[in-house]
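Peer 1: could you work out the structure for the sequence below:
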Amino acid sequence: MSRPVARLTAVVGTRRRLLVLVLLLAALVAGVSTTTPTSGAFTAAVQGAANTATTAGSFPRTSGSLPYRSGFAGGASDWRTYDGCWSTMTAEGFGMYVEKCGSPTAAAPKAVAGSASWTDYTIQADVKLDGGEQVGLLARVSDPSPGLDQHNGYWAYISSAGKLELGRMTKGSYTFLQTIDVPGGIALNTWYHLVVQVTGCTITVSQSTAGANGDTGVRGFTYVDTGCSSTHRQGMVGLRDFEGTGAWRFVTVTAGATAATDPRPWNSPWKVADVSAFRPYGGAWKNDQAAETYSNTQSGKGDKSIETTRTWGNASLTGEVRFDAASSADLDAGFTVRVRNPEVGTDALDGYYGGISRTSLIVGKHVGGTWREFVRTPLPTSVPQGQWQHLTVEMVGCAITVTVQASSGGPQTKASHTDTDCDTTPGNVGVRTLAIPASFRSMAVTPR
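Peer 2: Numbering: from 1, shown residues only. From the prediction side, this is the model:
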């Protein structure tokens, strides 16, 4: 009788071990399922040239990492809506998020995304008032729910009365904070570029006509909120209209902010005929006003075009890049920052560069006519011809961080490097291609 008892004990022990394994697997699945979804689900962070990542998917899933981007061409699954009629759509080649009906009860529909732990950051987007009174952006949103002013946070907006204004919500109550007139007023069905920067209890708001003004036509104000409490020092971002309907595109959130209106934010003037602020060095550059793009149609080595009206020290540059021909690992395109001494030639400039090839994210600098590559990080998938990629270049002190993600959504890849031999002298920004035709759009720069 001893063998059957021993066998029974062994079977029971085996079943217990299996039960433990099943419970562990169930716990892991439950943990994954409760992770907040983001449009950039994975982040590969590279701190130096000696560190590499084989794929962004090899790294843990992130929750609310910055920079954050919503192009809406791939939907809006990471946004939660409260009241209203929200939908994504593509028009004139752009993805956008549209609120079509307002709310018959709350009169102020909102959509919220991001992380409740975000503190000091910059949110910017193109906004459009399709009808009614107000459209704008929310910052530091917490405790959102349906209903008028039912959340904590700040509300920056343009109005049909021709105003740029700021207010504070404290879960059901509204406090008006600041207003300025917008010269020429606010027109319906027109895209305006709106920037909200929050740092501590200081909020800086800026507005210009999207794709039309570059450095000119930007107006804004800085407000120090003496009523700022711990409730208003961190939170998510949001989109909102009030007694009206609206649309949003190119929503971007980057870490850090400024507490001043000078230097002013800048956005690319490629929607107008005069793009003389950009000076080409090699290549054949042209802008398409309808598509709001700027393109190099040639395949020269190191063709670049530099924006000449402004210089930047610490800044965040965001924008989109597209290969207009079949690429390879040796051909790339991207953005240059802190540019000085540009000339015609492959590496004929002093400055830093963040760009992409078909297979890699590239970070480096040009100095004295030579190229110094800091990081080359493999991308999770190859970049095909004709697909827009969102690129962010952040330059703070001697540290440069570059992030890329398909504009329609998907994995996000990030690479960082601190330059031990850096030059912090302010310089211009620009676009650059290496032996491949490429296009750029939605380029914007904000101070840090």
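
Peer 1: C-alpha from now on. contacts and neighbour counts both.
Peer 2: Noted.

Peer 1: Gly256: what's it in contact with?
Peer 2: Gly256 makes contact with Asp120, Tyr121, Thr122, Thr199, Arg448 under the criterion Cα atoms under 8 Å, 6 or more residues apart in numbering.

Peer 1: that one and Trp118, how far apart?
Peer 2: Counting by Cα to Cα, to the nearest Å, the separation of Gly256 from Trp118 is 10 Å.

Peer 1: what helix or strand is the most centrally placed residue in the chain on?
Peer 2: Among the residues of the chain, Thr252 comes closest to the average C-alpha position under Cα atoms, centre = their mean, at 2.9 Å. In the assignment (DSSP states H and E), Thr252 maps to strand 236-255.

Peer 1: what do you get for Ile158?
Peer 2: Here Ile158 is covered by strand 152-159, with elements defined by DSSP H and E.

Peer 1: follow-up on the earlier one: what sits opposite the residue nearest to the centre of the chain in the beta ladder?
Peer 2: In this structure, Thr252 bridges to Arg69, Gln124 when assessed by DSSP bridges.

Peer 1: got a list of what it touches?
Peer 2: By Cα under 8 Å, 6+ apart, the neighbours of Thr252 are Pro67, Tyr68, Arg69, Ser70, Ile123, Gln124, Ala125, Thr318.

Peer 1: make TSV out of the residues you listed and add distance to Leu148, pLDDT and neighbour count.
Peer 2: Listed next are the contacts of Thr252 as TSV, based on distance: Cα to Cα, whole Å; pLDDT from 0 to 100; neighbours: other Cα atoms under 10 Å:
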residue	distance to Leu148	pLDDT	neighbour count
Pro67	29	97	24
Tyr68	27	96	21
Arg69	27	94	29
Ser70	25	92	28
Ile123	22	98	26
Gln124	23	98	25
Ala125	23	98	26
Thr318	33	98	27
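
Peer 1: top of the contacts of Gly256 by number of neighbours, please.
Peer 2: Within those, neighbour counts (other Cα atoms under 10 Å) peak at Thr122, which reaches 27 neighbours.

Peer 1: tell me the secondary structure for it?
Peer 2: For Thr122, the reduced secondary structure class is strand; criterion used: DSSP: H, G, I helix; E, B strand; the rest coil.

Peer 1: list the contacts of it.
Peer 2: For Thr122, the set of contacting residues under the criterion of Cα under 8 Å, 6+ apart consists of Val195, Val196, Gln197, Val198, Val253, Thr254, Ala255, Gly256, Ala257.

Peer 1: just these now: which is nearest Gly409?
Peer 2: Closest approach between the contacts of Thr122 and Gly409, by Cα to Cα: Val253, at 14.7 Å.

Peer 1: how much space between the closest one and Ser115?
Peer 2: With distances taken as Cα to Cα, Val253 is found 11 Å from Ser115.

Peer 1: more neighbours, these two?
Peer 2: A count of neighbours by other Cα under 10 Å puts Val253 above the other of Val253 and Ser115, at 23 against 20.

Peer 1: OK, contacts around that one?
Peer 2: With contact set as Cα under 8 Å, 6+ apart, Val253 has these partners: Leu66, Pro67, Tyr68, Arg69, Tyr121, Thr122, Ile123, Gln124.

Peer 1: what's the distance between it and Trp79?
Peer 2: Taking Cα to Cα as the measure, Val253 and Trp79 are separated by 14 Å.

Peer 1: shouldn't Gly95 be within a helix?
Peer 2: No - with three-state DSSP as the criterion, Gly95 is strand rather than part of a helix.

Peer 1: now stretch 278-297: buried residues?
Peer 2: Using 16 or more other Cα atoms under 10 Å as the burial criterion, the residues of stretch 278-297 that qualify are 278, 280-287, 289, 292-297.

Peer 1: now go through those and say which are in strands.
Peer 2: Members of the buried residues of stretch 278-297 lying in strands (criterion: DSSP state E): Phe278, Pro280, Tyr281, Trp285, Lys286, Asn287, Thr293, Tyr294, Ser295, Asn296.
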